[in-house]
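1. here are the coordinates; sequence isn't available:
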């Protein structure tokens, strides 16, 4: 019998329930996939808490990897037995198997395991659009990266080093500082002990950085703005501490005519050709060992409640996966 983690009301981690589910045959344009590993992402907590709207009851999770067991009518890009990964809607990745649209699937190359794929598809594609699409960064540029010891942060740090981009990492602890340095960050700021903006100015000769990558949100927004160089870009791609406050347009002018954007991964992988290009570049780096995916937490899928507690308490580093 197939099983899935589902929730019938929004709230804390305790709303997640391990349930037996029926999984039928795929319809037109669909596949049935048997999961081998499932990704744990901070975005999952936004759906569970109600920050992102959901229609209840529902499954949870947007990223997993596994093997195609059956294909529906009209599916030509994948066949039975293919190893695949995916990220995106509809919810329901926290499951042993499921039926889903085939359009979301990305075939895995031989050198990448399902566990690695589940740990990196969402994070890696996020890192890909941040570094390759959102701003014309060039060798020698310096960026500020919040949550540098997280799953996205460690991939961004390594990829930036490959591109010749210097990273100033903002982290919460000595352990996470060591992890950031080991993955290519040139400078590390422990934000609980130092003023981030002041330290960024010090490290950049007073100029600030052209880009800040901020997945923390409310708690770091002001410091991120103050860290930007004139006409710099603040990329708010997550809200781990809560949503960013309302933006006063005049403050953007006072900080040096800076820009703020709130991108979503879905808009950078909606085009199949662009998704394939970003995934291809990511997979090539990982398969060659140039980017290493650090899986520091593994959970059983039925332990989703504890996994969410660990994630929200900041007890995780690198990537986390559910293994089946």
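-> Received it, and whenever you're ready, just let me know what you need. Quick caveat, the model's predicted, so the values are computed rather than measured. Residues are numbered from 1 along each chain as shown.
2. next up, the contacts around residue 147.
-> Going by C-beta atoms under 8 Å, 6 or more residues apart in numbering, residue 147 touches 153, 170, 171, 215, 216, 238, 240. (C-beta placed from N, C-alpha, C; glycine too.)
3. look up how far residue 283 lies from the last one.
-> This means residue 240. 27 Å (C-beta to C-beta, to the nearest Å).
4. out of these two, which sits in the busier spot?
-> residue 283 (23 against 20; other C-beta atoms under 10 Å).
5. regarding the more buried one, what is its secondary structure?
-> helix (DSSP: H, G, I helix; E, B strand; the rest coil).
6. for it, which residues are in contact?
-> 108, 109, 112.
7. top of the residues you listed by neighbour count?
-> For the contacts of residue 283, neighbours tallied by other C-beta under 10 Å; top is residue 108, 22 neighbours.
8. tell me, how many residues neighbour residue 69?
-> 17.
9. number the chain from 794, please
-> Yes, from this point I'll number from 794; that puts the last item at residue 862.
10. shouldn't it be within a helix?
-> No - the assignment for residue 862 by three-state DSSP gives strand, which leaves it out of any helix.
11. so where's the longest strand in this structure?
-> Ranked by residue count and defined by DSSP state E, the top strand of the chain is strand 823-833.
12. quick one: strands adjacent to that strand?
-> strand 856-864 (antiparallel), strand 890-894 (antiparallel), strand 1112-1116 (antiparallel) (DSSP bridges).
13. check which residues of the last one are buried.
-> Of the residues in strand 1112-1116, those with enough neighbours to count as buried (16 or more other C-beta atoms under 10 Å) are 1112, 1113, 1114, 1115.
14. closest to residue 827 out of those?
-> residue 1115 (13.9 Å; C-beta to C-beta).
15. just checking, the closest one touches residue 1099?
-> No - Residue 1115 is not in contact with residue 1099 according to C-beta atoms under 8 Å; the separation is 11.1 Å.
16. which neighbours do these two share?
-> Shared contacts of residue 1115 and residue 1099, counting by C-beta under 8 Å, 6+ apart, come down to residue 1092.
17. name the nearest residue to residue 834, sequence neighbours excluded.
-> residue 915 (5.5 Å; C-beta to C-beta, 6 or more residues apart in numbering).
18. what angle sits between the longest helix that the chain contains and strand 823-833?
-> For the chain, the helix with the greatest residue count under DSSP state H is helix 907-925. Angle, helix 907-925 to strand 823-833, by axes from the mean of the first three to the mean of the last three C-alpha atoms, to 10 degrees: 80 degrees.
19. sheet partners, orientation included, of the next helix or strand after helix 907-925?
-> Per DSSP states H and E, the first helix or strand lying C-terminal to helix 907-925 is strand 935-939. Partners of strand 935-939 in the sheet, by DSSP bridges, are strand 959-964 (parallel), strand 1002-1007 (parallel).
20. between these, which one is nearest to residue 799?
-> strand 1002-1007 (31.8 Å).
21. quick one on the thing from earlier: tell me what angle the helix or strand that comes right after the longest strand of the chain forms with strand 823-833.
-> Under the assignment DSSP H and E, the closest C-terminal helix or strand after strand 823-833 is helix 835-842. Relative orientation of helix 835-842 versus strand 823-833 (the same axes, to 10 degrees): 100 degrees.
22. run through who's touching helix 835-842.
-> By C-beta under 8 Å, 6+ apart, helix 835-842 touches 800, 803-806, 808-809, 844-845, 847, 851, 853-855, 884, 887, 915, 1008, 1031-1033, 1101, 1104-1105.
23. pLDDT of stretch 869-886, averaged?
-> For stretch 869-886, mean pLDDT rounds to 96.
24. in it, which residues are buried?
-> Quick answer for stretch 869-886 (16+ other C-beta under 10 Å): 871, 875, 876, 877, 878, 879, 880, 881, 884, 885, 886.
25. with distance to residue 1054 added, can I get those residues in CSV?
-> Output for those, formatted as CSV (distance: C-beta to C-beta, whole Å):
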residue, distance to residue 1054
871, 33
875, 35
876, 34
877, 31
878, 27
879, 25
880, 20
881, 20
884, 25
885, 29
886, 27
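26. nearest to residue 950, out of those residues: which one, please.
-> residue 880 (20.4 Å).
27. got a list of what the closest one touches?
-> Per C-beta under 8 Å, 6+ apart, neighbours of residue 880: 832, 855, 856, 897, 914, 915, 918, 1058, 1062.
28. same thing with residue 1044?
-> By C-beta under 8 Å, 6+ apart, the neighbours of residue 1044 are residue 1018.
29. you'd agree it is in a helix?
-> Yes - counting by three-state DSSP, residue 1044 is found in a helix.
30. so how far is residue 962 from residue 975?
-> 11 Å.
31. comparing the two, which shows the higher neighbour count?
-> residue 962 (29 against 14).
32. helix, strand or coil for residue 902?
-> Per three-state DSSP, residue 902 ends up coil.
33. for the nearest residue to residue 1062 once chain neighbours are set aside, report the pLDDT, please.
-> Computed as C-beta to C-beta, 6+ apart, the closest residue to residue 1062 that is not its neighbour in sequence is residue 1068, at 3.9 Å. If you check residue 1068, the pLDDT there is 96.
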